[in-house]
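Q: Here is my input, please return the structure:
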Amino acid sequence: MKPVTRYFCLLGVLAIWERGLESSAAATSASSATTASYNTPATGPATPTTAPAPSSDTSASSSSSSSSSSSSSHASAEYVLPDFIQEALKKPLVQVGEEVTQFPTDLWTIIGPYHEITSQEVDLINTKLRETRPDESILPDGSIIKLTPPALIHTLTDDELINSAQFSPDGQYVVTTLLDGTACIWNAATGEHIRILRGHAKTVHSAQFSPDGQYVVTASWDHTARIWNATTGEHIRTLHHATPVNSAQFSPDGQYIVTASWDHTACIWNATTGDEPIRILRSHTNSVSSAQFSPDGQYIVTASWDHTACIWNAATGEHIRILRGHAKTVHSAQFSPDGQYVVTASWDHTARIWNATTGEHIRTLHHATPVNSAQFSPDGQYIVTASWDYTTRIWNATTGKSIHTLHGHTSLINSAQFSPDGQRIVTASNDGTARVYKVAQKVHTFTGDQLLRIVQALQKKLKETAAQEEKKKDEIA
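A: Model prediction:
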């Protein structure tokens, strides 16, 4: 059966299924109380030195400023650092280069002239932190965030069902996609509706901001993906497929776009020219639901109606690996922030975590109904899933344990995504709303030299432990 026939058959089934589910869902609800440059397309405006905000509205920026001013390198009165961190901060900093200077707070910038904190070193801190604080983790900006009970901040309401909702890279805006062929940009801090992107002839299935926040790419069932100026709403360029387009995503450097289509392919495009795809990924035997670059831009993961997800070499288009195990359509697939894992969401009622290098299935997260999306948190410690059962769930990525369930929607949920700071989640639903929830709070922020002290202390401890184990082996031998 062709994807289009399946889809319209599915709509009929959904209508019957949802009516039966509404009463049980209502009962359940009641009982549950990092910066990349983007080459401006040739026909678009010149790229400014600083990325402009999508509107002149200042409420979001003032909110951001307030948030920034409230965070510092000193712990709040209510928060006490774990013992291992307190001990590490007392130790002298080992000289890395010729001179140890005052370090910046961004983990991804060079700390001193000869050392850069890596994602592996961040994982080292998080692994130790979560031994005693499972609800806390360190983010790329050096802050510790702590999960809190979910609280609704805003409801973004539209007259049409909402297919997807995504934060901008700075977390100040949300872009939603609608059944009526439009995409909308909202102020995430106030819930204000800012701009409508008009031009598609059929439903817009997905939208994503460029890494610098200046552009938006939309994917539509009118057989096109379109690039827009996020500030003005101007349509800049159209990418043409022969069949409906399910998703469109920028590469981490903003230079490329990957699209997923009903024609069983994913295509890589030059975001500046966009005339023809520069590479076509062929292997799936049914519609491709989504396609996304890895954090380093070297790989692409695709999800398909053929029940599989595939990993590809982005530079060559080579098909590297197939992730098999789902029993029904795989609706989305995403890499973890460190690129080591992939999480998939399937209509077989599960989300699954896979080793991206070996393809090994690691863990399964179970819903009672089909799962439309699954995404990692910015630190890779959590996963958020969106399901047909009207709920969004937060899971511990390491244990697979369900931590929180977000209620409120009155129809199936199409997508759920963490904000870049890991403190909010935005959901999109067939009930015509997108909801922004507060799910975590920042409790502490480290400076670069403090982070380096912690890393050095943990690395020293690991070396000492390894040496002791080696000594025991020698004594036994």
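
Q: Extract the C-alpha trace of the longest strand anywhere in the chain and format it as PDB.
A: In terms of residue count, the longest strand belonging to the chain (DSSP state E) is strand 143-157. Only the C-alpha atoms of strand 143-157 are listed here, as PDB (Å, rounded to 0.1, in the frame of the first residue of the first chain):
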ATOM      1  CA  SER A 143      25.700  24.800  34.700                       C
ATOM      2  CA  ILE A 144      24.100  22.200  36.900                       C
ATOM      3  CA  ILE A 145      20.400  21.700  36.300                       C
ATOM      4  CA  LYS A 146      18.000  19.700  38.500                       C
ATOM      5  CA  LEU A 147      14.800  18.100  37.300                       C
ATOM      6  CA  THR A 148      11.600  19.500  38.900                       C
ATOM      7  CA  PRO A 149       8.000  18.400  38.700                       C
ATOM      8  CA  PRO A 150       6.700  19.600  35.300                       C
ATOM      9  CA  ALA A 151       4.800  22.900  35.300                       C
ATOM     10  CA  LEU A 152       2.900  24.400  32.400                       C
ATOM     11  CA  ILE A 153       4.300  27.800  31.400                       C
ATOM     12  CA  HIS A 154       2.400  28.600  28.200                       C
ATOM     13  CA  THR A 155      -0.200  27.100  25.800                       C
ATOM     14  CA  LEU A 156       0.300  28.200  22.200                       C
ATOM     15  CA  THR A 157      -3.100  27.900  20.600                       C
END
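
Q: Quick one: residues in contact with the helix or strand following that strand.
A: Using DSSP states H and E, the helix or strand that follows strand 143-157 in sequence is strand 162-167. Contacts of strand 162-167 with the rest of the structure, by Cβ atoms under 8 Å, 6 or more residues apart in numbering, involve 156, 173-179, 188, 203-209, 414-415, 417-420, 424, 426-430, 432-434. For every residue, glycine as well, the C-beta is placed using N, CA and C.

Q: Strand 162-167 pairs with which strands, parallel or anti?
A: The strands that strand 162-167 pairs with in its sheet are strand 173-178 (antiparallel) (by DSSP bridges).

Q: how close does the residue nearest to W354 when sequence neighbours are not counted get to R453?
A: Leaving out its chain neighbours, the residue that sits closest to W354 by Cβ to Cβ, 6 or more residues apart in numbering is V342, at 4.6 Å. Distance, V342 to R453, by Cβ to Cβ, to the nearest Å: 33 Å.

Q: A309 now?
A: From A309 to R453 the distance is 40 Å (Cβ to Cβ).

Q: before we move on, the earlier item: packing partners of the longest strand of the chain?
A: strand 136-138, strand 402-406, strand 433-445 (3 or more Cβ pairs under 8 Å, 6 or more residues apart in numbering; DSSP states H and E).

Q: Next, format the ones you listed as TSV and append mean neighbour count.
A: Output for the helices and strands packed on strand 143-157, formatted as TSV (neighbours: other Cβ atoms under 10 Å):
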stretch	mean neighbour count
strand 136-138	23
strand 402-406	17
strand 433-445	22
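
Q: Including mean pLDDT and distance to G213, could the ones you listed go into JSON lines?
A: Shown next, in JSON lines, are the helices and strands packed on strand 143-157 (pLDDT from 0 to 100; distance: least, Cβ to Cβ, whole Å):
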{"stretch": "strand 136-138", "mean pLDDT": "89", "distance to G213": "24"}
{"stretch": "strand 402-406", "mean pLDDT": "95", "distance to G213": "26"}
{"stretch": "strand 433-445", "mean pLDDT": "94", "distance to G213": "17"}
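
Q: Tell me which of those strands approaches V217 most closely.
A: Among the helices and strands packed on strand 143-157, strand 433-445 comes nearest to V217, with 18.3 Å by Cβ to Cβ.

Q: one step back: have a look at V342 and R453 and say which one is more surrounded.
A: V342 (27 against 21; other Cβ atoms under 10 Å).

Q: pLDDT on the helix or strand where that one lies, on average?
A: Under the criterion of DSSP H and E, V342 resides in strand 341-346. Regarding strand 341-346, the rounded mean pLDDT is 98.
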